[in-house]
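In: Show me how the following folds:
(2 chains)
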Amino acid sequence: MNNSAANTGRVLWAGLRALLALTVVCGVLYPLAVTGIAQAAFPWRANGSEIEDASGKTVGSALIGQTYLNDGKPDPRWFQPRPSNGLGSNSVNSQYRLIVSGATNRSGDNADLIQSVEAAKAAVIRDNSVDGHTVKPSDVPADAVTSSGSGLDPHISPAYAKLQAHRVAARNHLPVTEVDRLIAAHTDDRTLGFVGEPRVNVLRLNIALRDVVEGRG
Amino acid sequence: MSPVLAGVLQLLALIVALGLSYRPLGDHMARVYSSDRHLRVEKWIYKGIGANPSVEMRWPAYLRGVLAFSAVGVLFLYLLQRVQGALPGSLGFVSIDPDQAFNTAASFVANTNWQSYYGEQAMGHVVQTGGLAVQNFVSAALGIAVAVALVRGFARSRTGELGNFWADLVRGVVRILLPISVVGALVLVACGAIQNFAGIHEVGQFLNEHSMGGSQQWNGGAVASQEVIKELGTNGGGYFNANSAHPFENPDPLSNLFEIYLILLIPFALTRTFGRMVGSLRQGYAILGTMAAIWLVFTGLMLWTEFAGRGPAFELAGGAMEGKETRFGIGASAIFSVATTLTSTGAVNSFHSSYTGFGGGITMLGMQLGEIAPGGVGSGLYGMLIMAIIAVFIAGLMVGRTPEYLGKKIGTRQIKFAACYILVTPALVLGFTAVAMALDTPSHSMTNSGAHGFSEILYAYTSGANNNGSAFAGLNADTQWFNTTLGIAMLLGRFLPMVFVLALAGSLAEQTPVPETAGTLRTEKPLFTGLLVGTILIVAGLTYFPALALGPLAEGLAA
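Out: Take a look at the predicted model:
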């Protein structure tokens, strides 16, 4: 009995020493080495892909979505991102502030989700229908009325961007063709032609739009 | 190009990439676990452990190593979280409560990585990088070690010796996981994943008039280095709450495809290692064929149901994009979700709770098969070999002769171990689900009601006991009930099966091989692969069909 207790103690002691040794290797040396190389080789990406506007001010990350609001409502001058109803459900953080990622986790038959899709669709149609251009319900793509997995999706589909073109053009007193040109210039196609989906980075598009509006484009 | 075609082409690209790495990696791993030489860095580690890596262990000694190392791991990780508030580099986060700290420690040591916390607002640099990421490495290496011990049980005769646990553990980390991780982490950074030790900081926003003051707050972190081992070691615990849907973890379509590749890389290649070590590559191909067939069928079904997008909200929206990222779309999300649930990974790039009813059912069934197609690193291979033993046994009953597999007799003792193995997880899943449904409070955690609410709880215990870690994340799992019961389910679901695997390995290694005769079942033939697939589906189907009928099937048929 004593012998087996001593044995157990010995193997636990070996286990602890193994854990500490491997913690030094995998938990200290490895992340430091990777960080060192990453900071030297890809400093911009390793630090969050922050982008600046023409005036040199940092306006966010190319990878993280943000809101374009005026008085708490979507600002019609700017392209709008996807809904993000999964964020801000906890008390510690507020939407898009200390960025907390998350999805709604609502199922296809969830009454709240059905209601929010209906409301989002109606809002997209209402907000984007301008004089001489009416948005049909069938024009609204799925990404315009659903929340993404992270809630921080920096992209919208090209279809949703084009749908917003008439509104954005009217609000900024630009010709629609000019806005369409901006969208086309900021549409990323599938990588290698087949990986992922075509998409438009909302922040980059809005920066280019502001440049045009303010006469820098 | 249509999204469906793009999805299929991404699947084909994945198959090509996995095929190219199958032979070199499988052969490399066979050499790693057969070599007598020790690298210098390994010798330093053995000196630190105080173990002689050349001493052969019988199964009880090997098991003691596995359990002692894991017990110390749980305790260490628990204490690290409990003192987080006093540690430097914790970003101002407080210590984790006891029930959640136990749950998280059990979760990461058991290679599950179920998370009841929000990564970006709970865990600082020290716990993430020095605690959680370390378990991502060692729990994966431990899984491979146990699988290799079972393979040695088949390969060796008249000995009972299964190798040295410490050597297998250290070699798995140093020679397999670390080199791939260093390269992979840099690939992810090149795509845009972050890798820094910045604190919580303000970043300006596009509009100043934003009601919050024109800035966002982010925390930095060693994300890429943790992301790569999270996929490679089939762990799955995200740095951020949104896991691989978060742009800092999985920034673009290419990083996404690369992460799916990492998930499947070792589990598939281990079948080559197995074939090499038992001296018949064709036996390895038969196992590979079984895994690949199930994986492909599941992926095909998932692509079909998600592109079809049935369900009132999805039909209204015009597609099942809820919980999915624009840059991945439906195709790459569906491929990821099957890879993560057919292995023990549980990372998600899209949220399974918002999949179609059938899609959610496919993710659940994938885990309920026991995660063997191709399964977790190591655990997939030993799980599949257990099913092979069951299949051989059933075939033996049909023709009325003593079953044998790889020259080893499958007698009463062996079949008892195999039967115990396959009973553990269903007992945990169904038992805990039944108790949770019968009690009053656990159901308060559901986000959705009805069939989907039941699915949330069934998914949680399926995910925990099978060491997957993904979630129908609508369930609020940060309660004392779920933290405690899921923690227990994860530990028992991980280590009880290992006891039976190692006992089985010991009993096989002691045997004298029986010579192959005309009556021997040819386990390297497609006929056996078919029999094996059938056995897997029947065992899982009989066990879980009633529970699945109440949850995802009811939801899918109503849609």
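In: Show me how the record splits chain A into domains.
Out: Split into domains by automatic domain parsing, chain A comes to A:2-44, A:49-213.
In: so how far is the last one from its chain's centroid?
Out: Relative to the centre of its chain, domain A:49-213 is centred 9 Å away, using Cα atoms, centre = their mean, to the nearest Å.
In: what sits against A:V135?
Out: A:124-125, A:128-129, A:163 (Cβ atoms under 8 Å, 6 or more residues apart in numbering or on different chains). C-beta coordinates here come from the backbone N, C-alpha and C atoms, glycine included.
In: As a check, name the ranges of all strands in the stretch 401-550 of chain B.
Out: With strands called from DSSP state E, counting those that start in this stretch, the stretch 401-550 of chain B shows them at B:404-405, B:408-409.
In: Pairing partners for the first one, with directions?
Out: Sheet neighbours of strand B:404-405, with direction, are listed as strand B:408-409 (antiparallel) (DSSP bridges).
In: right, and B:I200 touches B:W218 too?
Out: Yes. Using Cβ atoms under 8 Å, B:I200 is in contact with B:W218, at 7.0 Å.
In: and the spatially most central residue of chain A, helix, strand or coil?
Out: Centroid-nearest residue in chain A, with Cα atoms, centre = their mean: A:D153, separated by 2.2 Å. Following DSSP: H, G, I helix; E, B strand; the rest coil, A:D153 is assigned to coil.
In: so where's the chain uncertain?
Out: Went with chain A since none was named. Scanning chain A with the threshold set as pLDDT under 70 gives A:1-2, A:87-99, A:217.
In: my bad, the chain I had in mind was chain B
Out: If you take pLDDT under 70 as the line, chain B has these spans: B:209-213.
In: list the contacts for the residue nearest to the centre of chain A?
Out: A:D153 neighbours (Cβ under 8 Å, 6+ apart): A:65, A:81-82, A:84, A:143, B:247, B:325-327.
In: ok, back up a step: deepest in the core, which of the strands of the stretch 401-550 of chain B is it.
Out: strand B:404-405 (a mean of 23; mean count of other Cβ atoms under 10 Å in any protein chain shown).
In: Show me the strands in the chain, by range?
Out: Since you didn't name a chain, this refers to chain A. For chain A, the strands defined by DSSP state E cover A:50-52, A:58-61, A:69-70, A:73-74, A:155-156, A:187-188, A:199-201.
In: my bad, the chain I had in mind was chain B
Out: Under DSSP E, chain B gives strands at B:200-204, B:215-219, B:404-405, B:408-409.
In: Need the winner for burial among those.
Out: Scoring the strands of chain B by mean count of other Cβ under 10 Å, the most buried comes out as strand B:404-405, with a mean of 23.
In: Can you list the buried residues in the longest helix seen in chain A?
Out: Scanning chain A for the helix with the most residues, using DSSP state H, yields helix A:2-23. Within helix A:2-23, the residues scored as buried using 16 or more other Cβ atoms under 10 Å in any protein chain shown are A:11-12, A:14-19, A:21-23.
In: same question, stretch B:398-414
Out: B:403-410, B:414.
In: Mind listing residues that contact the longest helix of chain A?
Out: By Cβ under 8 Å, 6+ apart, the surrounding residues in contact with helix A:2-23 are B:44-45, B:48-51, B:64-65, B:68-73, B:76, B:130, B:134, B:137-138, B:166, B:169-170, B:173.
In: on that earlier part again, could you dump the strands of the stretch 401-550 of chain B to a markdown table with distance to B:E524?
Out: What follows is those, written out as a markdown table (distance: least, Cβ to Cβ, whole Å):
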| stretch | distance to B:E524 |
| --- | --- |
| strand B:404-405 | 11 |
| strand B:408-409 | 15 |
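In: wait, which of the ones you listed is closest to A:G72?
Out: Closest approach to A:G72 among those is made by strand B:404-405 (66.9 Å; Cβ to Cβ).
In: ok, residues contacting that closest one?
Out: B:154, B:388-389, B:392, B:396, B:410, B:514, B:520-521, B:523.
In: for B:S353, what are its contacts?
Out: A:103, A:105-107, B:323, B:360, B:447-448, B:452, B:456, B:471-474.
In: among these, who's most crowded?
Out: A:S107 (33 neighbours; other Cβ atoms under 10 Å in any protein chain shown).
In: so B:Y33 makes contact with B:A149?
Out: No. Here B:Y33 does not reach B:A149: they are 9.4 Å apart, not a contact under Cβ under 8 Å.
In: The two: who's more crowded?
Out: The neighbour count for B:Y33 versus B:A149, taken as other Cβ under 10 Å, is higher for B:A149 (30 against 23).
In: Run through the residues that contact that one.
Out: Here B:A149 is in contact with B:59, B:62, B:162-163, B:165, B:168, B:501-502, B:505 (Cβ under 8 Å, 6+ apart).
In: returning to that earlier point: please identify every residue contacting each of B:Y33 and B:A149.
Out: B:163, B:168.
In: related to what we said a few turns ago, drop anything exposed from the contacts of A:D153.
Out: A:65, A:81-82, A:84, A:143, B:247, B:325-327.
In: Going by proximity to chain A, name the top residue of the stretch 301-450 of chain B.
Out: The stretch 301-450 of chain B approaches chain A most closely through B:G311 (2.2 Å), counting by Cβ to the nearest Cβ.
In: residues near the residue lying closest to that residue once chain neighbours are set aside, how many?
Out: Nearest non-adjacent residue to B:G311, counting by Cβ to Cβ, 6 or more residues apart in numbering or on different chains: A:G108, 2.2 Å away. Neighbours of A:G108 under the rule other Cβ under 10 Å: 30.
In: Grab the nearest non-local neighbour of B:E231.
Out: Closest to B:E231 by Cβ to Cβ, 6+ apart is B:L262, at 3.9 Å.
In: how close does that neighbour sit to B:V187?
Out: Note on B:L262: its distance to B:V187, by Cβ to Cβ, to the nearest Å, is 9 Å.
In: Can you check which residues contact both of these two?
Out: Common contacts of B:L262 and B:V187 (Cβ under 8 Å, 6+ apart): B:V228.
In: So which of the two has more stuff around it?
Out: The neighbour comparison of B:L262 against B:V187 (other Cβ under 10 Å) goes to B:L262, with 25 against 16.
In: so who does that one touch?
Out: Applying Cβ under 8 Å, 6+ apart to B:L262 gives the contacts B:180, B:184, B:228, B:231-232.
In: Show me the residue at the heart of chain B, geometrically.
Out: Most central in chain B under Cα atoms, centre = their mean is B:S344, positioned 1.4 Å from the mean C-alpha point.
In: contacting residues for the residue nearest to that residue when sequence neighbours are not counted?
Out: In space, and not counting its chain neighbours, B:S344 is closest to B:G376: 3.0 Å by Cβ to Cβ, 6+ apart. Going by Cβ under 8 Å, 6+ apart, B:G376 touches B:111, B:140, B:143, B:234, B:267, B:343-345, B:467.
In: Pick out the most distant pair among those.
Out: For those, the maximum inter-member distance is 13.2 Å, found between B:P267 and B:N467 (Cβ to Cβ).
In: Buried only: go through the contacts of strand B:404-405 for me.
Out: The neighbour count (16+ other Cβ under 10 Å) marks B:154, B:388-389, B:392, B:396, B:410, B:521, B:523 as buried among the contacts of strand B:404-405.
In: Throw those residues into JSON lines and include distance to chain A, thanks.
Out: Putting the buried ones among the contacts of strand B:404-405 into JSON lines (distance: Cβ to the nearest Cβ, whole Å) gives the following:
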{"residue": "B:F154", "distance to chain A": "26"}
{"residue": "B:A388", "distance to chain A": "31"}
{"residue": "B:I389", "distance to chain A": "29"}
{"residue": "B:V392", "distance to chain A": "34"}
{"residue": "B:G396", "distance to chain A": "38"}
{"residue": "B:I410", "distance to chain A": "31"}
{"residue": "B:L521", "distance to chain A": "40"}
{"residue": "B:T523", "distance to chain A": "36"}
